[in-house]
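>>> Structure of the sequence below:
(chains A and B)
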Amino acid sequence: MVEMRDISKRFPGVLANDRVDLDVASGSIHALLGENGAGKSTLMHILSGLYRPDSGTMKVEDRTVSFASPLHAIRAGVGMVHQHFMLVETQTVAENVVLGDRRLGFRMDPAAIRDTVAGLGRESGLEIDPDALIWQLSVGERQRVEIVKMLHRGARLLILDEPTAVLTPQEADTLFDRMRGMAQAGRTLLFISHKLNEVMELAETVTVMRQGRVVDTVPKAQVSHRELVHMMVGSPVLFDVTVPPVQQGRKLLSLRNLRVENDRGQTAVDNLSLDLHQREILGVAGVAGNGQRELAEAITGLRKLQAGTIELDEFDVTGSNQRRMIDLGISWVPQDRQHTGTAPNLSIQENFDLKHYRSARRGPFLDRAGQSRRAAALLAKYRVAAAGRHQPVRLLSGGNLQKVILARELSTELRVLVAESPTRGLDVGAIQTVHELLMEQRSRGVAILLLSEDLQEVLSLSDRVAVIHSGRIMGILPRARAEADTIGMLMAGVVPEDMTT
Amino acid sequence: MIAFLTAVLASGVRTGTSVLFATLGELFTERAGVLNLGVEGMMLMGAMTGFGVTWLTGNPWLGILAAMVVGGMMALLHAFVALVLRAEQVVSGLALTFLGSGLSAVLGSPLVEVRQVDRIPTWPVPFLSQIPVLGPILFDHNFLVYIGFLLIPLCWFWIYRTRQGLELRAIGENPAAADVQGIKVMRQRILYVAFGGVMAGLGGATLSLALTPTWVEGLISGQGWVAVGLVIFAGWDPIRAMFGSYLFGALRRLPIDLQNFARFRANPSLGYFTSMLPYLFTIVALLTVSIGDIGRRWGAPAALGRAYVREDRDA
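Numbering: from 1, shown residues only, chains lettered A, B, ... in the order given. You can find the predicted model right below:
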């Protein structure tokens, strides 16, 4: 059905696809497995005509193709269901399905369109009321509309980008049934996933990608969970960090049965409990979007708890706002440095003052002299490469920006540090600096919660490793027992047999 | 009393026609997801051009045509700045209004002296215009009024019953979804913006060639803004736009019709008050719909005023 050869695609600073080969057999269910950022979505966007490859060739049904737009792809029989649905909310299901279809005459016959769409739904087992408005539908139903839309346009190869990411388990089961049905009817299905369970359940063939390359393509029958995980995460080379032995202190932060909702009101952190000690780095490994952000925001007081308690040094601080949490000594290095972490157009000094203004003041006025002195001292101490304390932070490189944030967060009387992907996107030198700073804080007695997608980082720095999946802690392993494969499986939501005992 | 109401409604339909054209044009522009606040400027240029060309050629239909061309060209300027260069649509539209006001005043200054040009002829529909009450209200007008009557159902049909209409609604609601389905979002948006300008030009010329056959600076006196307000009042629906336009026309004519009553002649402030009503109505309509998410429920196109760029990389 599909033959992709030597496909490369470069984005500024990233080689998203590096000489990728992919073969998909007609009528099969094929899974594309890999961690976030492995290049799966990019490859599928190339196949569906959204991106153009920098090099390489593609064949669909034995014809060489080159897609300038999604329209060309769908004409060749390739349709993609995006993770974020492309639907017009105020229009009906039927209208969405036929949108852009040139075969329609000038005058639309609502009844005929309705019948066509209803018929297509029955045929594929994806029944859906053609008159319903999109905004009235559940996420699962919307996904059906997307699939029906592609079928209507004549898709023989259907690409699904993480189709179960937004579905309830029941909806996912139904979807799997329908996917199998469509494959039996002769269509080819290609789905992107980072969930091992669904790959093992659904796919006939699995292609594993890592860091922009294809690791291997294997028939599912001949591969085990553990082998797949190993292909996904590889054998991480640990960072060269000296973790000085310290005597772990008393319990400092205690999270009990936290339940937190995400912005859409869904449960993102589910009955989560963790303890964090003085002089400890607790690494939380997990694929992005499994509740890490919500957890960090709950601890720092930004996000409301639906249930559960937070204790700091045996003192109940549940429900405190962010200012109180700051006063209590909780510092935060957010993942989004440019927006959450700093105000891009303000100067370095002003970004320091965002947090320090209350301690540096003269009566109701800001203590300008004191602020300047402090800013200059921090710049020197943290060796920020900048044109001066008045430089807008948006002009700083990622590493220097992170140093500014760390300088601000570590220069208060902190007891707990929540660090979210603190080295993401930084170069080796900056990573080294950040790691050293974290170690220094650990030695000083700070309790550090390190939330990171980077398995190498978690394994290199942490005293203990907790794995988060779907907002739950899958397991906590001491440093000595934390192996990449085990962690990888837990990240994918699978508890290895040797852990269940 | 019936005679008075008939007169108010008849003049309402006649007066409202100019704003009806502009409203329908802006309705299509906004349905495509583009906000063009330059209606007032385009109407002014249309009115001035229509009047001037008629004076030069002696043919009011040529005047109408020229007004439509000029309106369309001004709208294309907005399309270029706001869609191609992706400038802020509100600012670009306002600039267009200022441009139209100034340019029409300068270029139209020789026309102010002109007293008499041929106007668009009035044609009472045979027999139908004799019907009591309905006849004078609907069937005793100039040709432009009848064109307005025809356009309303045509616009409705286009939006709700054609493939192009479906695509139009999609690009105003979710341009990304339309793009993925192979619809040329940019091209369609430019065309609908141009159509909005053509209609605004027509609306302006209606005023200067059929209603008050003169040209003075600022002839439109805010009717372009009323059109913008009426689009919202109408919930982006041509049928409701019709009611709104004719209601506005009636309110606008009210002070003149009321002059027949001695009590109104005696109290000039009442006249000012009634002159204010159409604009008050516009402001209230705008305010109501801008509050909170009423606008969303009222049917505002979700992508209204937002530039669409195909995302090259979503991390």
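>>> what sits against residue 216?
Here I'm looking at chain A. For A:Asp216, the contacting residues are A:207-208, A:231, by Cβ atoms under 8 Å, 6 or more residues apart in numbering or on different chains. The way it works is simple: take the backbone N, C-alpha and C, and place the C-beta from them, glycine included.
>>> my bad, chain B
Contact analysis of B:Val216 by Cβ under 8 Å, 6+ apart lists B:Val112.
>>> Can you classify it by secondary structure?
coil (DSSP: H, G, I helix; E, B strand; the rest coil).
>>> swap in A:Gly79?
Of the three states, A:Gly79 takes strand according to three-state DSSP.
>>> Does it have any beta-bridge partners, and if so which?
Taking DSSP bridges as the rule, A:Gly79 bridges to A:Leu158.
>>> From B:Val185, how far out is it?
A:Gly79 sits 19 Å away from B:Val185, going by Cβ to Cβ, to the nearest Å.
>>> tell me which element residue 118 is part of?
Using chain A. Secondary structure assigned from DSSP states H and E places A:Ala118 in helix A:110-124.
>>> And the contacts of that helix?
Residues outside helix A:110-124 that contact it (Cβ under 8 Å, 6+ apart): A:93-95, A:97-98, A:104, A:127-128, A:130-131, A:144, A:147-148, A:151-152, A:178, A:181-182, A:185, B:161.
>>> please redo it, this time with the cut-off set to 10 Å
Applying Cβ atoms under 10 Å, 6 or more residues apart in numbering or on different chains, the contact partners of helix A:110-124 are A:92-98, A:101, A:104-105, A:109, A:126-131, A:144-145, A:147-149, A:151-152, A:178, A:181-182, A:185, A:187, B:160-161, B:166.
>>> So which of the residues you listed belong to helices?
Of the positions in the contacts of helix A:110-124, A:93-98, A:144-145, A:147-149, A:151-152, A:178, A:181-182, B:160-161, B:166 sit in helices, assigned by DSSP state H.
>>> Could you identify the buried members of the residues you listed?
A:93-98, A:144-145, A:147-149, A:151-152, A:178, A:182, B:166 (16 or more other Cβ atoms under 10 Å in any protein chain shown).
>>> Closest one of these to B:Met43?
B:Met43 lies nearest to B:Leu166 out of these, by Cβ to Cβ, at 29.6 Å.
>>> contacting residues for the closest one?
Neighbour list for B:Leu166: A:88, A:91, A:95-96, A:98-101, A:104, A:108, A:113, B:159-160, B:178, B:183 [criterion: Cβ under 10 Å, 6+ apart].
>>> Which pLDDT does the model give it?
Here the pLDDT value assigned to B:Leu166 is 94.
>>> rewinding a little: pick out the lowest-pLDDT one from the contacts of B:Leu166.
Lowest in pLDDT among the contacts of B:Leu166 is A:Leu104, which has 80.
>>> Excluding residues flanking it in the chain, which one is nearest that residue?
With sequence-adjacent residues excluded and distances taken as Cβ to Cβ, 6 or more residues apart in numbering or on different chains, A:Leu104 is closest to B:Arg163, at 4.5 Å.
>>> what about B:Val309, how many neighbours?
B:Val309 is flanked by 11 other residues according to other Cβ atoms under 10 Å in any protein chain shown.
>>> That one falls within a strand, correct?
No - going by three-state DSSP, the assignment for B:Val309 is coil, not a strand.
>>> Need the pLDDT of it.
75.
>>> For it, which residues are in contact?
Contact analysis of B:Val309 by Cβ under 10 Å, 6+ apart lists B:86, B:175-176, B:185-186.
>>> Would you point out the most distant pair within these?
Across those (Cβ to Cβ), the longest gap, 15.7 Å, separates B:Arg86 and B:Ala176.
>>> Name the residue in those two with the higher neighbour count.
Between B:Arg86 and B:Ala176, counted using other Cβ under 10 Å, the more crowded position is B:Ala176 (20 against 12).
>>> tell me the contacts of the residue lying closest to that one once chain neighbours are set aside?
Counting by Cβ to Cβ, 6+ apart, A:Met86 is the residue found nearest to B:Ala176 once chain neighbours are left out, at 5.8 Å. Shown in contact with A:Met86 (Cβ under 10 Å, 6+ apart): A:70, A:80, A:96, A:99, A:146, A:149, B:174, B:176-181.
>>> let's see 7 Å
Shown in contact with A:Met86 (Cβ atoms under 7 Å, 6 or more residues apart in numbering or on different chains): B:176-177, B:180.
>>> who's more crowded, A:Gly79 and B:Val185?
Set A:Gly79 next to B:Val185 and count neighbours by other Cβ under 10 Å: A:Gly79 wins out with 26 against 23.
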